[in-house]
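A.B. asks: For reference, the sequence and a predicted model appear below.
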Amino acid sequence: MPHVVRTALVASAAVTLLSASPALATNYTLWIHGKNSGGTQPGNYADFSNWGPSSTAAGVNKKAVNWDGRQKIGGQNYRIRDALDCFCTGTNWCYIAVHSAGDLQIGYALSLYGGSARYKKNAVPNSSGVCGNTDGTTQVGWNIKWVDVASGAGGGSELADNGEWATSDAIVGDLVTTTARAMYNHNTTRGLWFYMFAGAKGTLYSGILPGQDDEAVAYHSTGGVAGSAGGAYCNPSDWFCNDLTLGSGVCEGNFAKWSYHTVSFRDDGEAYSHSGGGTWGGIVSKVREDVVTYAK
């Protein structure tokens, strides 16, 4: 979906929402991190230590959705649902930005819980990150405008397949390519567009990660390519590999992307790495720029 269309949809939604309840409507930007070694404070929506300085512009009313990035997706997903309930129900709307395994977290939440009844919350979290009910009524799913994905691990990583992440962290099992792809129906996004940002500054694991990669995740995952296992996808300059195409259309070789997944940025210059480095860097920098522009 082109950005011009996205802008029009956001403006339309905002007009409709503000017309209904101008005094109460608030937009938020939720940042969901990926695999990490812990250290963030789950439930503290002001803790941006995983990303970089909290003073950095990163979308309207930004909130850090922290979870234990060492644990399994399913066991920690309640943290994501708590945040979505808090800030994306009632008259409030959200923009979502995710990195790496944060792609699995938001995809899991939307696919498995996005059609469920959610209590409308007051956007005032307690110390555990849980907000109170407003009027006791419910709605179906959450009010989300779109999802920006920096180096998404929704399709898993061959580094997990091959034991390169030799740790006892439970999440490594979830990042095995076949496991990640079978965890939930990636086509079920509740009609929300996932804008994929794929980095390609990868050399260290070029023998393990197929096609273009950012040293942690390959293009088959960061580009949202569908299927039960990963494949090799590259930039157009590589003649020996199928191209990861921009947009939502099929990749070279007629390989489809998951529904409502579109490649917004492909790292043709091989300049962006996987890690943000705690400075909003790498491929995260491209998503942050996009969010600053469109999450108003």
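C.D. replies: Structure's in. What do you need? Numbering: from 1, shown residues only.
A.B. asks: contacts and neighbour counts: CA atoms only from here.
C.D. replies: Noted.
A.B. asks: how near is residue 245 to residue 99?
C.D. replies: Distance from residue 245 to residue 99, counting by C-alpha to C-alpha, to the nearest Å: 20 Å.
A.B. asks: okay, these two: which has more neighbours?
C.D. replies: For residue 245 versus residue 99, the count of surrounding residues by other C-alpha atoms under 10 Å is larger for residue 99: 28 against 24.
A.B. asks: now the more buried one, nearest residue through space, not along the chain?
C.D. replies: residue 150 (4.7 Å; C-alpha to C-alpha, 6 or more residues apart in numbering).
A.B. asks: so who does the one you found touch?
C.D. replies: Residues in contact with residue 150 (C-alpha atoms under 8 Å, 6 or more residues apart in numbering) are 97-100, 196-198, 222, 283-284, 286-287.
A.B. asks: Closest one of those to residue 178?
C.D. replies: Using C-alpha to C-alpha, residue 222 comes nearest to residue 178 of those, at 15.1 Å.
A.B. asks: how many neighbours does the closest one have?
C.D. replies: 31.
A.B. asks: residues contacting it?
C.D. replies: Here residue 222 is in contact with 150-155, 196-199 (C-alpha under 8 Å, 6+ apart).
A.B. asks: now the spatially most central residue of the chain, which residues is it bridged with?
C.D. replies: The centroid of the chain falls nearest to residue 98 when counting by C-alpha atoms, centre = their mean (3.1 Å). With DSSP bridges applied, residue 98 shows beta-bridge pairing to residue 32, residue 149.
A.B. asks: Quick one: low-confidence residue ranges for the stretch 1-150 of the chain.
C.D. replies: Within the stretch 1-150 of the chain, the stretches with pLDDT under 70 are 1-24.
A.B. asks: Kindly confirm my reading that residue 104 is in a strand.
C.D. replies: No: judged by DSSP: H, G, I helix; E, B strand; the rest coil, residue 104 forms no part of a strand; its state is helix.
A.B. asks: thought it was touching residue 151?
C.D. replies: No: look at residue 104 against residue 151 with C-alpha atoms under 8 Å: they stay out of range, at 11.3 Å.
A.B. asks: Which one of these two is surrounded by more residues?
C.D. replies: residue 151 (36 against 28).
A.B. asks: quick one, what contacts that one?
C.D. replies: Residue 151 touches 99-100, 196-199, 214, 217, 221-222, 274, 283-284, counting by C-alpha under 8 Å, 6+ apart.
A.B. asks: now the strands: where do they sit in the chain?
C.D. replies: Remark: strands assigned in the chain by DSSP state E are 27-32, 62-65, 93-99, 117-125, 131-140, 144-150, 194-198, 233-234, 242-243, 261-266.
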